[in-house]
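>>> give me coordinates for this.
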Amino acid sequence: MLQTSKPLQRLGLPDAYDKNSLARDVAASFVVFLVAIPLCLGIALASGVPAELGLMTGIIGGIAVGMAGGQPLQVSGPAAGLAVIVFDIVQDYGVEALAPILLLAGAMQLVGGFFRLGRFFRGVSPAVISGMLAGIGVLIVAGQIHVLFADSPRAHGLDNLAAIPAAFFDISVMTLGQAEQALIVGVVTIASMVLWDRYKPEKAKLVPGALLGVVAGVLLALAGLDVATIDVPANIFSSFGLPTGSTLSMLAMPGIIFTALAVAFIASAETLLSAAAVDKMQDRVRTAFDRELGGQGVGNFLCGLVGAMPMTGVIVRSSANVQAGAVSRLSAILHGVWILAFVAFLPGVLAIVPTAALAGVLVVVGWKLVKVRDAVSLFRKHGWLPALIYVATLGTTVAVDLLVGVLVGLGLSLLEVIPHLRRQRSRVESRTEDGVHEVHLDGRVTMLEVSRLTRALDALPSDKPVRIRTEGLTFVDHTSAELISDAVIRKRKAGGSAEVTGGESAASRAVLAAVG
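Purely as a prediction, here's the structure:
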């Protein structure tokens, strides 16, 4: 077993960390690095900013947030969920506005972590989160389809959707112009990713499809196709610098302050949703949600200092990290180191990557965000309201913008709770009886009291059977029912015993239906 030195202990490595754990972390970090490179580049492309900004955010997300975050196995970097809002920022204020917005957004997240607000984001309806991600997916696909045709995305989602038929009609099967060549590269990239995800051999399951798709696109371009490639400066780091006085003066603009609040909220919600998903994937480490929120604040503040893109915890890279066998936060940190080494010593490699190949990667990523089955599942378990929230959030995100979509979803979520505000009395009590850890839920449990509920659920012991008792429950909203369901399912997947008991009330039946 390795003798963990004080520097390594400060990284938060487990006490039982040994040579085998180190080998697993190094191997996982390289897998995540291979996943991250095309996504950092592609998300920068979708956001309308230079490629180097996405790479810098990946470096900071790996090294800084890897050290400071509250979920050791989560990987942070530029996220598809923020591509839409970054694109709008660039259109409205210019790339230079990212610095003051991220300085302020990062500071907000740091304050939120200090005041333990991380757990409150878990009270956001899963229908809002799923609808928001689906809306983002639609916008990404609609915008990147135009890049596949060697064109530029429009400024508005509906404009992108409306222009798609004309893009297809303009393609000629008789000539091989720039649009046709770009489309060939994009289609080959998409086909490579889809076929690899479906038919990849077990021994090569950790090889990322996005990397193979980009390699296929590069080989086509090198074979003689005339397609646009990434514009990369000779010295990537020369593009970054501390904010100037004129840039910081933008902090006095109400629009900048409001946008920073939107970035902080959406980035925090997506991060903590991803962290909760990482908790479901494995039972080795649990998320410290408040620390994770503060860690994201550190990352976004640093991105603001150098003028990079915003970041979140991202599920694609995090799931790759878990599946690759990562043991500790060292894997996420090393993946950031590998990105740093790559851009420092091999920047010329980036200049041969076709933009159509990155667009193909993003079309696949965006399509995977549109999970209609999430809405169907919520409808089957909780009725029409969560499905309505999903559709309304998705539709408003596409038709108006991301922030309005989230606000509409949150507003609709309150419709379930408002009739019960005057009689909002609840009790969440934990006790151990006859060797069984019981959580008693009484009264009306809703998203407005999520802190009390999540404290009880996070404290469920790993070495005792668990029983959730709902006999005294008179009302539960779908958000709280899903939190209970997630805790029970996580306990069962870890090999423990967990059951839900209840009476004949509609609230008890709702919890039982959520657990399944």
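
>>> assign Leu460 to helix, strand or coil.
coil (DSSP: H, G, I helix; E, B strand; the rest coil).

>>> the one 10 residues further on now?
Local secondary structure at Thr470 is given as strand here, using three-state DSSP.

>>> show me what contacts it?
441, 476, 500-503, 505, 507-508, 511-512 (C-beta atoms under 8 Å, 6 or more residues apart in numbering). In short, each C-beta sits where N, CA and C put it, glycine included.

>>> filter these down to just the ones in strands.
441, 476, 500-501 (DSSP state E).

>>> what would those look like in CSV with distance to Val35 and pLDDT?
Formatted as CSV, the ones in strands among the contacts of Thr470 follow (distance: C-beta to C-beta, whole Å; pLDDT from 0 to 100):
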residue, distance to Val35, pLDDT
Leu441, 40, 93
Val476, 38, 93
Val500, 37, 93
Thr501, 43, 91
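
>>> what about the closest residue to Ile256 other than its chain neighbours, distance to Ile85?
Distance criterion C-beta to C-beta, 6 or more residues apart in numbering; nearest residue to Ile256, sequence neighbours excluded, is Met250 at 5.0 Å. Going from Met250 to Ile85 by C-beta to C-beta, to the nearest Å gives 16 Å.

>>> before we move on, what about Met281?
Distance from Met281 to Ile85, by C-beta to C-beta: 27 Å.

>>> same check, this time on Ala269
For Ala269, the distance to Ile85 - C-beta to C-beta - is 12 Å.

>>> over to Val400?
On the measure of C-beta to C-beta, Val400 and Ile85 end up 12 Å apart.

>>> comparing those two, which residue is more hemmed in?
Ile85 (21 against 16; other C-beta atoms under 10 Å).

>>> in the helix or strand that contains Thr397, what's buried?
Here Thr397, judged by DSSP states H and E, is contained in helix 384-399. The neighbour-count check on helix 384-399 (16 or more other C-beta atoms under 10 Å) flags 385-398 as buried.

>>> distance to Ala79 and pLDDT for those residues - can I get that in TSV?
Shown next, in TSV, are those (distance: C-beta to C-beta, whole Å; pLDDT from 0 to 100):
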residue	distance to Ala79	pLDDT
Leu385	28	94
Pro386	24	94
Ala387	26	94
Leu388	26	95
Ile389	22	96
Tyr390	20	95
Val391	23	95
Ala392	23	96
Thr393	17	94
Leu394	18	95
Gly395	22	96
Thr396	20	96
Thr397	15	93
Val398	18	94
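
>>> where in the stretch 401-516 of the chain is pLDDT low?
Within the stretch 401-516 of the chain, the stretches with pLDDT under 70 are 423-424.

>>> the strands in it, which residues?
In the stretch 401-516 of the chain, the strands defined using DSSP state E, counting those that start in this stretch lie at 426-433, 436-445, 466-476, 498-501.

>>> list of residues touching stretch 375-389?
Contacts of stretch 375-389 (C-beta under 8 Å, 6+ apart): 125-128, 130-131, 390-391, 409, 412-413, 415-416, 478, 481, 510, 513-514, 516.

>>> repeat that for stretch 223-231.
Under the contact criterion C-beta under 8 Å, 6+ apart, stretch 223-231 has outside partners 41, 45, 50-51, 150, 178, 181-182, 184-185, 221, 350-356, 358.

>>> helix, strand or coil for the residue nearest to Leu102 when sequence neighbours are not counted?
Leaving out its chain neighbours, the residue that sits closest to Leu102 by C-beta to C-beta, 6+ apart is Gly304, at 3.2 Å. Look at Gly304: counting by three-state DSSP, its state is helix.

>>> for the residue lying farthest from the centre of the chain, grab phi and psi.
Residue farthest from the centre of the chain, counting by C-alpha atoms, centre = their mean, is Met174 at 42.0 Å. The phi/psi pair for Met174 (degrees, to the nearest 10) reads phi -100, psi -20.

>>> ok, it to Glu180 distance?
10 Å.

>>> the domain parsing of this protein - what is it?
With domains defined by automatic domain parsing, the chain comprises 19-355, 370-418, 426-515.

>>> who's in contact with the residue positioned nearest the centre of the chain?
By C-alpha atoms, centre = their mean, the chain has its centre lying nearest to Val314, at 3.5 Å. Going by C-beta under 8 Å, 6+ apart, Val314 touches 39, 75-80, 270, 274.

>>> just these now: which is nearest Leu334?
Nearest to Leu334 among the contacts of Val314: Val75, at 10.8 Å, using C-beta to C-beta.

>>> can you report how many residues neighbour the residue lying closest to the closest one once chain neighbours are set aside?
In this structure, Val75 finds its nearest non-sequential neighbour in Arg317, 3.9 Å apart by C-beta to C-beta, 6+ apart. Neighbourhood size, Arg317 [other C-beta under 10 Å]: 28.

>>> sec struct for Arg317, please.
helix.

>>> what's near enough to touch the residue nearest to Ile256?
Met250 neighbours (C-beta under 8 Å, 6+ apart): 93, 96-97, 100, 256.

>>> how about low-confidence regions in this structure?
Ranges of the chain meeting pLDDT under 70: 1-12, 15, 423-424.

>>> got phi/psi on Asp170?
phi -80, psi -10.

>>> what residues are up against it?
149, 179.

>>> how near is it to Thr189?
21 Å.

>>> please apply the same query to Ala276.
Distance, Ala276 to Thr189, using C-beta to C-beta: 31 Å.

>>> doesn't Val232 belong to a strand?
No. Inclusion of Val232 in a strand is not indicated when three-state DSSP is applied; the result is coil.

>>> check contacts around it.
Applying C-beta under 8 Å, 6+ apart, the residues near Val232 are 51-52, 347-348, 350-351.

>>> got the phi/psi numbers for it?
Residue torsions, per degrees, to the nearest 10, at Val232 are phi -120, psi 130.

>>> now Ile230
phi -70, psi 140.

>>> helices of the stretch 51-200 of the chain, residue ranges please.
51-68, 80-93, 98-114, 126-148, 157-169, 178-199 (DSSP state H, counting those that start in this stretch).

>>> host element of the closest residue to Ile101 other than its chain neighbours?
Excluding its sequence neighbours, the residue lying closest to Ile101 (C-beta to C-beta, 6+ apart) is Ala260, at 4.7 Å. Using DSSP H and E, Ala260 sits within helix 254-281.

>>> elements contacting that helix?
Secondary-structure packing of helix 254-281 (3 or more C-beta pairs under 8 Å, 6 or more residues apart in numbering; DSSP states H and E): helix 80-93, helix 98-114, helix 126-148, helix 289-306, strand 312-313, helix 315-323, helix 402-417, helix 478-493.

>>> what's the closest of those to Ala23?
Comparing those under C-beta to C-beta, the one sitting nearest is helix 315-323, at 15.0 Å.

>>> and that closest one with helix 254-281, angle?
Interaxial angle, helix 315-323 versus helix 254-281 (axes from the mean of the first three to the mean of the last three C-alpha atoms, to 10 degrees): 30 degrees.

>>> that older thread, okay, the helices and strands packed on helix 254-281, which one's buried deepest?
strand 312-313 (a mean of 32; mean count of other C-beta atoms under 10 Å).

>>> appreciated, that's everything.
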